[in-house]
Each structure stands twice: as C-alpha cells, then as structure tokens.
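> With the input below, show me the fold.
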Amino acid sequence: MRYQTTNKRKLNIEESSEGLILREDSFKVDHIFECGQCFNFRKNDDGSYTAVFLDKIINLLECDGYTLVRNVSLDDFYEIFYDYFDLGTDYESIKNELSKSEILKKASDYGYGIRILNQELFETTISFIISANNQIPRIKKAVRIISERYGNFLGEYMGEKYYSFPRPEVLAKADPLDLREYARVGFRDVRIVETAKAFVDGFLNFEREINLTDKELHNKLKELPGIGPKVADCIMLFAYHRRETFPVDVWIKRVMETLFIGKEVPKKQVDDYAREIFGDLAGYAQQYLFYYGRENAIGKWIYAYERK
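Predicted structure coming up:
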C-alpha cells in the first residue's frame, strides 16, 4: 500500500557497467536519508547508502555530477523507485516558492538535495510508532531487528545481510515480550502487535483513504494504539503523500521557536503557525527545516538556556 503516480516522465538516467547513472536536480543521497524521514537504511564505508523498499535492495553513491544507483535494474527503478524518491515532483519550483522566506531559502539551500520519500504504509506506521519519544539510532536498530526476526531474507550486499520488513499478518502473531526483549521497543511492544492486527483486519486501506479529508484521515490514524498527532502527521506526510502536513516533534518545535516564533509555545501553536505560513508546502518546509536545524543544532543551546 503506497503512493504511485500514473504518468512518469523520462529521467536522465542511463545504464552502465557499474550501475545506473542518474542525473537529477534536487537529489542528494545523504540529504534524503539523513533528514529523519525513514529508518530502513545503512550508510556504507564507501559513503554510499543501502536501503530496502518493497523487497528490493538498492544502493546509491553520490559521485561528481551524478548518482550511481546499484543493485536494481532500470525497469525496477522506474517501476518502484521513481515514486519512492518522488521523482514526479518539481522540487526546484517548490524551493523557489519557499525561498520567498529568507529563513527557508537558507534551509532549502542547505538541504538542496532532499526529496520526501513515498513509503509503504504498514512499514511507515510501525516505524513511526517506534519513533515516539525515541532517538534515530535506536529506531533504526529496532526496525533492523524486527526485519531480521520477522521479515524474509533478501540477500547480502557489501557484506551485510538484508531482510524485508515483515508483513502485517506475521507481525500480528509476534509475542510483544519478544519485541521488547530483542528489538528494545519498550512500551511500544503491544502497540506494534495490536496495530499489525488492525492492518490484518483491514482497518487501513490506502486506496480507500485517498478520498478522506486531512482531518478525517488524521482522526482515523489516531484510533490506532500508539498514534498521537505527531505520528499521524508523519504517516500522512511519508505514506499518504499529504504534503501540506507539518509533523511537530521536539526538534522541529525548537527550530520553529528559534527561527520564526521567537518564544516557547505549545506544539499545537507551532503546527497552526506552520500551516498558516507554509500552506500546501508545509511538509516540504518541515523537512528542510528539520535537516537544517538538526545539522546546525539550531535552537538547541538557546532552548536549553531558557529552560534553566
């Protein structure tokens, strides 16, 4: 269950003996994978990134003037990864519009290669349930262990073994205590299993929810165990392609308070402010600001001082 476009443009991509050579504006591998939007990837010793999506192992290496895409065919790249990397969206136009704000211009210039990944619904839901009150390295480790224990072995690449993310019917039968012990998911253990059971029962269906309003979809997602406003926003942004959504976690809250609002305010006020000033582009703004803020520790020290 994932977002897919019906018409795909011809990419500047060609086959070579080393892999696929992709030349694309607004595409930088580390910007894409290090902006907090996904957790099922590894950074390799050569600086490349290896990710798993829809049972495919893909490796991407940033080179001088192009991205080398390895371990997938040209057909698979168009069929699966065109939409995964949101290649049907004109990010140059989005950045031009957001750059009317001096702050967003700095942020989008800094993270110029970010693209919002269109991820599979079940994996996104479980991953962001795990993300609640958690840190990215621990989330990535939990996702990896869950895949190793409950997913299917896909093969080895660059000396590492890769597994698919488990299907709902498999994770629905998992023992919550095993999830707690091995994946270290803590209090999220029962929530993960109960959410998997809800997927098996058909509680969420991507095609059916396309016609829901943002508010209707947000409320429906919050009926699942372990899903509050922020996690619901993440699922909407990264799985449902609702790009007007602005997830507010502790980090983006600090960034917004420091760069835009000028004082500490409740999360709901940050969300309202962002939607008002960024409009339909709020999700893109969130990713640029998250990456820019985290990489430069914006708001960290000011916030710590004000909290004393």
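> Residue ranges of each domain in this structure, please.
Listed by automatic domain parsing, the domain ranges of the chain are 13-88, 121-238, 250-307.
> burial count for residue 43?
13 (other CB atoms under 10 Å). (Glycine included, C-beta is placed from N, CA and C.)
> Excluding covalently adjacent residues, which one is nearest to it?
Nearest residue to residue 43, sequence neighbours excluded (CB to CB, 6 or more residues apart in numbering): residue 49, at 5.6 Å.
> circling back to that earlier point, can I get the domains of the chain in CSV including distance to residue 112?
Formatted as CSV, those follow (distance: least, CB to CB, whole Å):
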stretch, distance to residue 112
domain 13-88, 6
domain 121-238, 20
domain 250-307, 9
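> Please enumerate the helices of the stretch 1-150 of the chain.
29-33, 74-76, 82-84, 91-98, 102-110, 121-131, 136-150 (DSSP state H, counting those that start in this stretch).
> which residues touch the closest residue to residue 125 other than its chain neighbours?
Distances taken as CB to CB, 6+ apart place residue 235 nearest to residue 125, at 5.6 Å, with adjacent residues excluded. In this structure, residue 235 makes contact with 121, 124-125, 128, 221, 227, judged by CB atoms under 8 Å, 6 or more residues apart in numbering.
> Kindly recompute the last result at 7 Å.
124-125, 128, 221 (CB atoms under 7 Å, 6 or more residues apart in numbering).
> which SSE is it in?
Assigned by DSSP states H and E, residue 235 falls within helix 229-238.
> Just the buried residues of that helix, please?
Within helix 229-238, the residues scored as buried using 16 or more other CB atoms under 10 Å are 230-238.
> Repeat that for stretch 7-20.
13, 19-20.
> So what's the gap between it and the chain middle?
24 Å (CA atoms, centre = their mean, to the nearest Å).
> Over to stretch 190-199?
Its chain's C-alpha centre and that of stretch 190-199 lie 20 Å apart, by CA atoms, centre = their mean.
> Figure out which of the domains of the chain is closest to residue 109.
Comparing the domains of the chain against residue 109 with CB to CB, the closest turns out to be domain 250-307 (8.9 Å).
> my guess is residue 281 contacts residue 98, does it?
Yes: between residue 281 and residue 98 there is a contact under CB atoms under 7 Å: 5.9 Å.
> Now distance to residue 150 and pLDDT too, for the buried residues of helix 229-238, in JSON lines please.
Below are those laid out as JSON lines (distance: CB to CB, whole Å; pLDDT from 0 to 100):
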{"residue": "230", "distance to residue 150": "26", "pLDDT": "94"}
{"residue": "231", "distance to residue 150": "21", "pLDDT": "96"}
{"residue": "232", "distance to residue 150": "24", "pLDDT": "97"}
{"residue": "233", "distance to residue 150": "27", "pLDDT": "97"}
{"residue": "234", "distance to residue 150": "22", "pLDDT": "97"}
{"residue": "235", "distance to residue 150": "20", "pLDDT": "97"}
{"residue": "236", "distance to residue 150": "25", "pLDDT": "97"}
{"residue": "237", "distance to residue 150": "26", "pLDDT": "97"}
{"residue": "238", "distance to residue 150": "21", "pLDDT": "97"}
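> on that earlier part again, the next helix or strand after the helix holding residue 235: which residues count as buried?
As assigned by DSSP H and E, the chain's next helix or strand after helix 229-238 is helix 250-256. Using 16+ other CB under 10 Å as the test for burial, helix 250-256 gives 251-256.
> what does stretch 33-52 give?
33-42, 44, 48-52.
> and the end-to-end length of it?
End-to-end distance for stretch 33-52: 12 Å, by CA to CA, to the nearest Å.
> Now it: average pLDDT?
Stretch 33-52 carries an average pLDDT of 96.
> what's that stretch in contact with?
Stretch 33-52 is contacted by residues 29, 57-62, 111, 114, 116-117, 119, 123, 127, 136, 139-140, 143, 154, 157-158, 160, 162, 164-165, 238, 287, 290-291 when judged by CB under 7 Å, 6+ apart.
> how near is residue 159 to residue 245?
Separation of residue 159 from residue 245 (CB to CB, to the nearest Å): 38 Å.
> Residue 4 now?
From residue 4 to residue 245 the distance is 19 Å (CB to CB).
> Model confidence for the nearest residue to residue 13 once chain neighbours are set aside, exactly?
Nearest in space to residue 13, with sequence neighbours left out and distances taken as CB to CB, 6+ apart, is residue 22 at 4.7 Å. We have a pLDDT of 98 for residue 22.
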